[in-house]
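A.B. asks: Structure of the sequence below:
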Amino acid sequence: MLTEYEKFRFLDKANKNTFFAEVNWEPENELINKCQLFKFTFPDGKVSFVERKHLLEMLFACGRPEDQRNMIPQTLETIHHYKTTLGITANRDIHKGEAINFPIDLSIPCSALRQDVIDKLPKEYKRGVGNGKLPLIEP
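C.D. replies: Alright, predicted model coming up:
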């Protein structure tokens, strides 16, 4: 990302209406810095200001599928599937005290399991020295 002043010249296909775009033109202005706002100057002297997010949205909408794929941050993550049954005890409209069970499927990122579950294990299990009650887990 540009952090210094930069001026771009956009060429008209017919070579009649070349215009300019500027970024970071006021270094002391926090609202303009880091290419947050673009200043377009047209041949007739008119000036327009456009937010970066609007330009990116337009470019994304006009892009080919591979261009759009490149614009979307992507991460690959291993998922742990966990199946359980959710039990609810009803108080109305069903016999009072009757249990209703719903099977549910949860998809949990393995990194979340490692962070939340493994960090709660006693230190001796994290090191891989167990007493047989829990599986040995290497961090």
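A.B. asks: Check which helices and strands the lengthiest helix in the chain sits against.
C.D. replies: Longest helix in the chain, counting residues (DSSP state H): helix 52-62. Judged by 3 or more C-beta pairs under 8 Å, 6 or more residues apart in numbering; DSSP states H and E, the packing partners of helix 52-62 are strand 37-41, helix 65-71. Any C-beta I mention is one placed from the backbone N, CA and C, and that applies to glycine too.
A.B. asks: For these, please prepare TSV with the additional fields distance to Asn17 and mean neighbour count.
C.D. replies: Converted to TSV, these look like this (distance: least, C-beta to C-beta, whole Å; neighbours: other C-beta atoms under 10 Å):
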stretch	distance to Asn17	mean neighbour count
strand 37-41	12	17
helix 65-71	26	10
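A.B. asks: Throw these into CSV and include distance to Glu4, thanks.
C.D. replies: Putting the helices and strands packed on helix 52-62 into CSV (distance: least, C-beta to C-beta, whole Å) gives the following:
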stretch, distance to Glu4
strand 37-41, 15
helix 65-71, 24
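A.B. asks: and those as TSV, adding mean pLDDT and distance to Phe49?
C.D. replies: Formatted as TSV, those follow (pLDDT from 0 to 100; distance: least, C-beta to C-beta, whole Å):
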stretch	mean pLDDT	distance to Phe49
strand 37-41	95	6
helix 65-71	87	23
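A.B. asks: And the pLDDT at the closest residue to Ile79 other than its chain neighbours?
C.D. replies: Counting by C-beta to C-beta, 6 or more residues apart in numbering, Ile79 lies nearest to Ser107, which is 4.9 Å off, once chain neighbours are set aside. Looking at Ser107, its pLDDT is 76.
A.B. asks: Remind me which helix or strand Ser107 belongs to.
C.D. replies: strand 99-109 (DSSP states H and E).
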